[in-house]
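>>> Here is a sequence with its predicted model. Questions after.
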Amino acid sequence: MIKITFPDNNVKEYPDGSTGLDIAKDISNSLAKEVLSVKINGEVWDATRPIDTDATIQLLTWKDKEGKSSFWHSSAHLMAEALESLFPGIKLGIGPAIETGFYYDVDSGDKQITEEDLPAIEKKMKELAGQNNEYRREEISKKDALKYFEEKGDEYKLELINELEDGTITFYHQGGFTDLCRGPHIPSTKFIKSVKLLTIAGAYWRGDEKNKQLTRLYGVTFPKQAELDEYLDILEQAKERDHRKIGKELELFMFSEKVGGGLPLWLPKGTIIRETLIDFLKKEQLQRGYVPVVTPHIGKKDLYVTSGHWEKYGSDSFRPITTPHEGEEYLLKPMNCPHHCEIYAYKPRSYRDLPLRIAEFGMVYRYEQSGELNGLTRVRSFTVDDAHIFCRPDQVKEEFLNVIDLVLHVFKTLGFKEFTTQISLRDPEDKEKYIGSDENWEKAERDIIEATEETGLETVTEIGEAAFYGPKLDFIVKDALGRPWQLGTIQVDYNLPERFKLEYIGDDNERHRPVMIHRAPFGSLERFMAVLIEHYAGNFPLWLAPEQVTILPISEKFHDYAVKVLNLLKNDDIKVTIDDRNEKIGKKIREAEVKKIPIMLIVGEKEQSTEEVAVRLHGKGDQGSLTMSSFKELFDKLMIESKSIN
RNA sequence: GCCGGGAUAGCUCAAUGGUAGAGCAGCGGUUUCGUAAAUCGCAGGUUGGAGGUUCGAUUCCUCUUCUCGGCUCCA
């Protein structure tokens, strides 16, 4: 007998070789019908795999992340089975579960699988699922595994098996399909009730550009049709929030083929939002001891040779521009920091001057591969809310803490609650990739880790994700479609001060090297705006709204009164417009609602005679009439409330 | 950069190997109106660009630009 411990610490004995499913059945039949996989001693297993030793158990269903994962992984196998049946001779790469759904990379030879094939594959998958085939695990020797795929002629699987150790290799079978797989899988295909294949895309074998490009099929499956419908509905809604769509509808920004891809043109309304954000941050920074600077958009190539950027990224950036007569080479600036280093070096610095925090909203230009450009999230020209903090080594941690506090303040004000924080360290196995001494790297990494621990931020640590000049802390927010984007960033840099030979005179009257911290709470204004647009679905809070109030006269007879109201509000720096077209009030309201203007003031006969305005709030409807002074009080109150920090 | 889609009026979209149509927007009338679309009329297009096949191309082919979904990359 084996002792099984349940999550509530109850212990029960079962015969040797009992499976998770057996144990589930012992609890209740209805539960057994929902079990997708089980967690045995912290490891996810097939529910049908016999347990031979005492163990802790957790039954995993659709409600558990790991349960979903085994469901989708099994779905990937089901799709592979369908593909083999529809496209005989197809070769399989890898087919994992992902955050939502699964994919399989396949090599279909000369036959190109296109989107038109997807419905047929879906149909086949449903047909195979209906056969109620069991997923069966088989331990297999390396020799036999190799033999199987040699006969099948699948070089991708052979490559994978060759890297595995004998004795750890398992196959999974379902219906007429066999795959090399670590598992775990769900008990049977019958759980898979609804199937949707979403997209088809190219993907390099093992993610390496040098390898052959396979066809990747993305899909998602659910245990109930209703859940698929709900998921598709959410996808549809996400599309409605897409910043590219809203940006066009609300006339925030545009792109022009003539100007070039990835070069955003900001329209008046988008510009007002940008400038409001910039003003907000400038004010915060002023209070926190930052000083402003302005530097040009170009710099001599030599500047970037000194900084090391030319060596590292020169071949992958815009070509230098040259002066007509002397032939001097200049680069569009890919970063602001080299310019800022020169500002630091402008005069001798004392330890008393530090930390020196110089800030600039600087537009930078980077060559991004054409296939990578994406709305405002990935562009070739963007504005960094940049600042470089030059400080003494003993000030690094404190400065780091100050910056974290600023980033959190920004996020809080804008109501970003769901973000992840990532510490990126260097890969100690691959030191060649980075510049700077071991000693410097170790100190920098320690400072970051300690600072985040002190603020209590929950972080994930990624080894090998550091910038080439130093470790960093990034704040990552997801867009409407769930794609993660890095926004705020704080990066320690022991390297640039070295390269620019920056110094300060310490209290010991000796020369010392300052430490540099790069930081940008928004990261890129462009990307930040994209995420912001999707976050609010275009319904900007009052303080950010490019049009805060619009006045809607009932008819032309009340235009004079409407203009009087307009001027009163303008005097209070309220962003106000008037809709004096010869249209019915219903239409004016509709259009103001569509434009997501937070406040509408309707004025007609009644308001004119009582010197009031009828207030209507976007999405909330008619709020009744107020005198001008009461309205201004309401406006001020709404302004304060519109910052999430309150 | 790579794989696969796409590009038709300002916007959203329709149509066809015989040189294009709707709604909204725009412009001109009529209407002067009370909380999400009044009404009549007019105008609007080298069907992204270049080349080719064809008697004839917006449609088929090639190249190119931009764009979308991924991959790779990302200071």
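Noted; the coordinates are in hand. Residues are numbered from 1 along each chain as shown, chains lettered A, B, ... in the order given.

>>> Just confirm residue A:53 contacts residue A:2, I think it does.
Yes: between residue A:53 and residue A:2 there is a contact at 6.1 Å, judged by CB atoms under 8 Å. The C-beta positions use only the backbone N, C-alpha and C, and glycine is treated the same way.

>>> Need the overlap of contacts for those two.
Overlap of the contact sets of residue A:53 and residue A:2 (by CB atoms under 8 Å, 6 or more residues apart in numbering) is empty.

>>> These two: who's more crowded?
residue A:2 (16 against 9; other CB atoms under 10 Å).

>>> So residue A:305, which state does it fall into?
Counting by DSSP: H, G, I helix; E, B strand; the rest coil, the backbone at residue A:305 sits in helix.

>>> excluding its backbone neighbours, what's nearest it?
Excluding its sequence neighbours, the residue lying closest to residue A:305 (CB to CB, 6 or more residues apart in numbering) is residue A:311, at 7.1 Å.

>>> same thing with residue A:307?
Excluding the flanking residues, the one nearest residue A:307 by CB to CB, 6+ apart is residue A:338, at 4.3 Å.

>>> Could you give the number of residues near that neighbour?
24.

>>> and it, that's in a helix?
Yes: counting by three-state DSSP, residue A:338 falls inside a helix.

>>> So what's the predicted local confidence for it?
On pLDDT, residue A:338 comes in at 95.

>>> Tell me how far it lies from RNA strand B.
Per CB to the nearest atom of the strand, to the nearest Å, residue A:338 is found 10 Å from RNA strand B.

>>> and if you look at residue A:295?
Distance from residue A:295 to RNA strand B, counting by CB to the nearest atom of the strand: 15 Å.

>>> and that residue, what is it in contact with?
Residue A:295 neighbours (CB under 8 Å, 6+ apart): A:333, A:336, A:339-340, A:343, A:360, A:362.

>>> Residue A:404 now?
A:451-452, A:455, A:457, A:473, A:490.

>>> Tell me the buried residues in the helix or strand where it lies?
Using DSSP states H and E, residue A:404 maps to helix A:396-413. If you call a residue buried by 16 or more other CB atoms under 10 Å, then helix A:396-413 has these buried ones: A:396-397, A:399-404, A:406-408, A:410-411, A:413.

>>> List the strands paired with the helix or strand following it, with their directions.
Sequence order places strand A:419-425 as the next helix or strand after helix A:396-413, per DSSP H and E. Pairing partners of strand A:419-425, with direction, according to DSSP bridges: strand A:459-463 (parallel), strand A:472-478 (antiparallel).

>>> hmm, who's touching the next helix or strand after strand A:419-425?
Downstream of strand A:419-425, the next assigned helix or strand under DSSP H and E is helix A:438-455. Contacts of helix A:438-455 with the rest of the structure, by CB under 8 Å, 6+ apart, involve A:393, A:396-397, A:400-401, A:404-405, A:408, A:421, A:423, A:425-426, A:431, A:434, A:459, A:461, A:470-473, A:490, A:492, A:494-495, A:515.

>>> Show the contacting residues for residue A:41.
A:55-56.

>>> Please report phi then psi for it.
Per-residue torsions, residue A:41: phi 50, psi 40 (degrees, to the nearest 10).

>>> got it, and residue A:537?
Residue A:537 adopts backbone torsions of phi 50, psi 30, taken as degrees, to the nearest 10.
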